[in-house]
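Q: structure, please.
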Amino acid sequence: MRKWWIAFAIEILLLLLVVCGFFVYQNQYRAKYQKIVAKQQEMDQKREKQIQDALEAKVEEENRIQRLKDDMVSASIAIDEEFADWLYIQYTQVSEEIALAIADNSYEDKMWYEHIGKSIFVLKDEYNGILDSEAMMLEHSIYKKESKNPEYASLSFAGDISFANDYAPAQNYTRLGINGAFSESVQSTMKEADIFMLNNEFCYTTSTTPISGKTYTFKADPSLVSRLDEMGVDIVSIANNHAYDFGEQGFVDTMNTLKNANIPYVGGGVNLEDARNNIVYFIINGMKIGYIAATQVERDLPILTQPATEDGAGVIRCFEPELVCEMIEEAEKNCDFVIVYPHWGTELMKEVQEDQQALAYAFIDAGADAIVGGHPHCLQGAEYYKDVPIFYSLSNFSFSSKVVDSTILNLEIAIDGIRSARYIPCRESSGMTYQCDKGKGDYEQILSTLNIYSVNAQVDEDGYVTQVQLME
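A: Numbers count the residues shown, from 1 in each chain. Have a look, this model is predicted:
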C-alpha cells in the first residue's frame, strides 16, 4: 500500500512538473511570439510607409513632369499636350534641360534644334507621322533636301524665265542646249544652291487659244519642263501675269506639268482652297523652310490673270495683303523660316513703289522672314524693315533678247535666321544669261544700281548685303 502511494505521489509530482514546464514554456513562447509579432508589425509598418512614400514620390514626380509638360505647352505655340508627352518620352533629358530654360525665362524654340539637331517643327512633323513616307510628305507639300554645308542651308533665287520658243533664250536653248542659254558660271551657281527658286512666267500647254486682250502671251510645250531639272531648279512661282495667258486650261496644264515633273510650285491652285493651302515646305539641315508666292499685277482693270476662286483655278493675288498675310501666319505656325516671293511693282521702274513697300511691310508684320520680289524687268534695291530683308526685284533671268541687268540672290539660312545675303551679278544679252566677273564694268554697274536704289541696305564689292542705319 505504501509503495502505491509513493508511486502515485511521484506521478503527481511528475504531472505537476509537466504542467509547470508547460506553463513556463507557454509563457516563454508567448513572449517570443509577441516579440516576433511586434517585429513583424514593425516591419509591416515600415513597408507600408515605404510604399506610401514611394506612391507619394511617384505622384510628386508625375506632378513635376506634368508641370514641366504644361510649361512646355505654355512656352511654345508649336507644342500641345500630346506633343509634349511625346517629346518627354522621346527626349527626356533634353526636356528636363528645356524645363530649366523655361524656369529662368531663357527658353527659345531653337533650343530643341541646338540639343537635337532638329527644329521643333520638324520634330512635330515626326510626331504626327508626316515624315514617315514620301506619299505622306507630298500630301502635306513637304520635301526633303540635303545640304552641302551642315552649318546652314543655301537658298538661291532668280527672276523671270520663259521657255516660249518665240524668244531668243528658248531658241538658244533649243538650238544649243543649256549652254546656249546660260554660261557655265551661271549653271554652276544655280546648282551650288541647296534650293533654287525662280519665276515661271509662261504656260506649259499645248493649247492654241490665248486669252483675249493681251499683247504678249507666252507658252511652251510641256516636254520642256525637263529644262528646270537640268538647270537645278527646285521650286517655281506661278503667281505672275503670264501664267494665265492661255486661260484656265493653260493654267491647269501648267500646274499638272510641274506636278508630273515633281517640281513644287507656289502661287496658285485649282481653286481658292487649294491655292491658299499651297505653301511648300523644305526640310533641310533639321530646319523647315516655307515658301509662299503671290502676284500684285495686274493692278488696273481689266484683270486678265484670274485669281483662284471657290470653284475656279487661278493665282494668289496680293493687290490687298489680307489673304497672303493669313497664309504667312499659317506658315509661321508650321516652320522655322517663311519666304514670300511676290510679283509686284511697275515695269521698268527701278524706284520702289509705295504699294510694293506697303505690301512688304504687311507681309513682315504677319511673320515673313524674307521677301524676294520680281516683275519690273529691271533691278530694284533692298530694304530692311524690322530687321527683315526685302529684295524688291531680281529683274529678268532668262526672258528676252534685250540686254538686261540681272542677279542671283543667295541667302544662307541657319536656325538663328539669315547668316548672309549676297547678290551675284548677272546679265542677260541676246538670249544668253552670263555671270559677271568681279571688277569688270558690268559687275560694278549692277552693284552700283543696287546701292543707288536700296533704302537702308548696303551692297559691298562682293555683293553681300547688310543693313545700315539711316541718318536722321
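
Q: where along the stretch 251-400 of the chain do the strands fall?
A: All strands of the stretch 251-400 of the chain, identified by DSSP state E, counting those that start in this stretch, fall at 265-266, 268-269, 280-284, 287-295, 314-315, 337-343, 370-372, 379-385, 388-394, 396-398.

Q: looking at the ones you listed, which is closest to residue 454?
A: Evaluated with CB to CB, the strands of the stretch 251-400 of the chain place strand 379-385 nearest to residue 454, the distance being 3.3 Å. Placement of C-beta: from N, CA and C, glycine included.

Q: rewinding a little: now the strands of the stretch 251-400 of the chain in TSV, with mean pLDDT and mean neighbour count?
A: Rendered in TSV, the data for these read as follows (pLDDT from 0 to 100; neighbours: other CB atoms under 10 Å):
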stretch	mean pLDDT	mean neighbour count
strand 265-266	98	24
strand 268-269	98	26
strand 280-284	98	23
strand 287-295	98	27
strand 314-315	98	25
strand 337-343	98	28
strand 370-372	98	26
strand 379-385	98	22
strand 388-394	98	26
strand 396-398	96	28
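
Q: kindly reformat these as a markdown table containing distance to residue 321.
A: A markdown table is the format used below for the strands of the stretch 251-400 of the chain (distance: least, CB to CB, whole Å):
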| stretch | distance to residue 321 |
| --- | --- |
| strand 265-266 | 16 |
| strand 268-269 | 17 |
| strand 280-284 | 20 |
| strand 287-295 | 9 |
| strand 314-315 | 15 |
| strand 337-343 | 10 |
| strand 370-372 | 12 |
| strand 379-385 | 14 |
| strand 388-394 | 14 |
| strand 396-398 | 26 |
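
Q: tell me the first helix or strand C-terminal of the longest strand seen in the chain.
A: What stands out as the longest strand in the chain, according to DSSP state E, is strand 417-429. Per DSSP states H and E, strand 417-429 leads on to strand 432-435 as the next helix or strand towards the C-terminus.

Q: so for that next one, mean pLDDT?
A: When pLDDT is averaged over strand 432-435, the result is 97.

Q: neighbouring contacts of that strand?
A: 169, 172, 180-183, 185-186, 189, 397-398, 406, 408, 424-427 (CB atoms under 8 Å, 6 or more residues apart in numbering).

Q: so for residue 472, what's the pLDDT?
A: pLDDT, residue 472: 61.

Q: hang on, I meant residue 58
A: pLDDT, residue 58: 85.

Q: ok, now residue 401?
A: The per-residue pLDDT reported for residue 401 equals 86.

Q: am I right that it sits in a helix?
A: No: read with DSSP: H, G, I helix; E, B strand; the rest coil, residue 401 is coil and lies in no helix.

Q: pull the number of nearby residues for it.
A: By the measure other CB atoms under 10 Å, the count of residues near residue 401 is 15.

Q: can you check residue 252 too?
A: 18.

Q: what's near enough to touch the residue nearest to it when sequence neighbours are not counted?
A: Once flanking residues are discounted, residue 252 sits nearest to residue 313: 5.2 Å by CB to CB, 6 or more residues apart in numbering. Shown in contact with residue 313 (CB under 8 Å, 6+ apart): 248, 251, 252, 255, 268, 269, 270, 271, 306.

Q: which of the residues you listed sit farthest apart?
A: Maximum distance among these (CB to CB): 13.6 Å, for 255 and 306.

Q: can you give me the helices in the stretch 51-200 of the chain?
A: 81-90, 92-103, 110-116, 120-127, 134-139, 168-176, 178-181, 184-192 (DSSP state H, counting those that start in this stretch).
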